[in-house]
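# I'd like to go over a predicted model; first the sequence, then the structure.
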Amino acid sequence: MTKFADIKGFVFDLDGVITDTSVLHGNAWHQLADSLGVSWSDDLANGLKGISRMDSLEMILKAGHKENDYSQDQKVALATQKNDNYVAEVNKMTPANILPGMKAFLDDLRDKGYQLSLASASKNAPRVLDKLQLADYFPQVVDPASLTHGKPDPEIYTKGAQLLSLDPAQCIGIEDAAAGVQAINAAGEVSLGIGDAHELAAADMVFADTASVTLENIAKRLG
Ligand code: BG6
Ligand code: MG
């Protein structure tokens, strides 16, 4: 098992980790599911966390047994409709939307010389970082458009470590989604989950909320 002293970098998810955009994504998908007559559930909402835009749409259509009801062009139009609603909400965001403790954690990491990269599946990540005034913290952002496979595939976390020129074992990946924790583990990084311990049981360590995520607490768990 990796020791705390081996850690040199942190690879961050964004939605649901740094800010609560996972709720905004969920609301926008819920609205689309309602308009398509697909019934919404907590399981569906949780399963969508971390999943790319088109894969999310496919999951929703599948949940309603409608995966064969739309052409590719129609699917793109549905995903665009969801994204337009999501972006309208993102445009209202300010630094006040940073989750508790996250700004202090990022400052601490930067002060102590850890390297940071972003491994968000969201094509809107640069816009969200800009709204939160956090873009300076993340000069290294994995471009989700460059990926062959989305989470739970490890590709995005592997690239997140590569951008820092670090070995995956020198990195901690931070996630709120089960699919993301799976991706971190498969990439060979230490996985830190934020949220429900049962849902994120595969993570190397789980914190109930963002405020508990501090270097001191991480060091205690890693030893
Ligand atoms: C992930 C979110 O970070 O990004 C998902 O957890 C979202 O809910 C995915 O679907 C893709 O985001 P976007 O902004 O490119 O549609
Ligand atoms: Mg997330």
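Structure's in. What do you need? Ligands and ions are numbered 1, 2, ... in the order given.
# Nearest to ligand 2: which residue in the chain?
Using C-beta to the ion, the single residue of the chain nearest to ligand 2 is G16, 3.7 Å away. Backbone N, C-alpha and C define where each C-beta goes, glycine included.
# That residue touches D176, doesn't it?
Yes: between G16 and D176 a contact is recorded at 3.4 Å, counting by C-beta atoms under 8 Å.
# Give me the contacts around the biggest helix by length in the chain.
Within the chain, and with DSSP state H defining each element, the longest helix by residue count is helix 72-90. Residues from elsewhere that reach helix 72-90, judged by C-beta atoms under 8 Å, 6 or more residues apart in numbering: 21, 24-25, 27-29, 31-32, 36, 53-54, 57-58, 61, 70, 124, 127-128, 131.
# Now, of the residues you listed, which are buried?
Listed as buried from the contacts of helix 72-90 are 21, 24-25, 28-29, 32, 53, 57, 61, 124, 128, 131; burial here means 16 or more other C-beta atoms under 10 Å.
# picking up where we left off before, need the residues touching each of G16 and D176.
22, 49, 194-195.
# Of those residues - the most surrounded one?
Counting neighbours by other C-beta atoms under 10 Å, the top entry in the shared contacts of G16 and D176 is I194, with 25 neighbours.
# Spell out which parts of the chain neighbour ligand 1.
Within the chain, the positions near ligand 1 by C-beta under 6 Å from any ligand atom are 14-15, 22, 25, 48-53, 56, 83, 120-124.
# For the residue in the chain sticking out farthest from the centre, give me phi and psi.
Taking C-alpha atoms, centre = their mean, the residue of the chain most remote from its mean C-alpha position is D69, at 29.4 Å. Dihedral pair for D69: phi -90, psi -10, per degrees, to the nearest 10.
# Is the residue nearest to it when sequence neighbours are not counted part of a helix or strand, or is it coil?
Spatial nearest neighbour of D69, excluding adjacent residues (C-beta to C-beta, 6 or more residues apart in numbering): L61 at 7.2 Å. Following DSSP: H, G, I helix; E, B strand; the rest coil, L61 is assigned to helix.
# One more: G26?
helix.
# what about the worst-scoring helix or strand of the chain on mean pLDDT, near ligand 2?
Within the chain, no helix or strand scores below helix 42-48, which has a mean of 95 by mean pLDDT, DSSP states H and E. No: counting by C-beta under 5 Å from the ion, ligand 2 has no neighbours in helix 42-48; the shortest distance is 10.1 Å.
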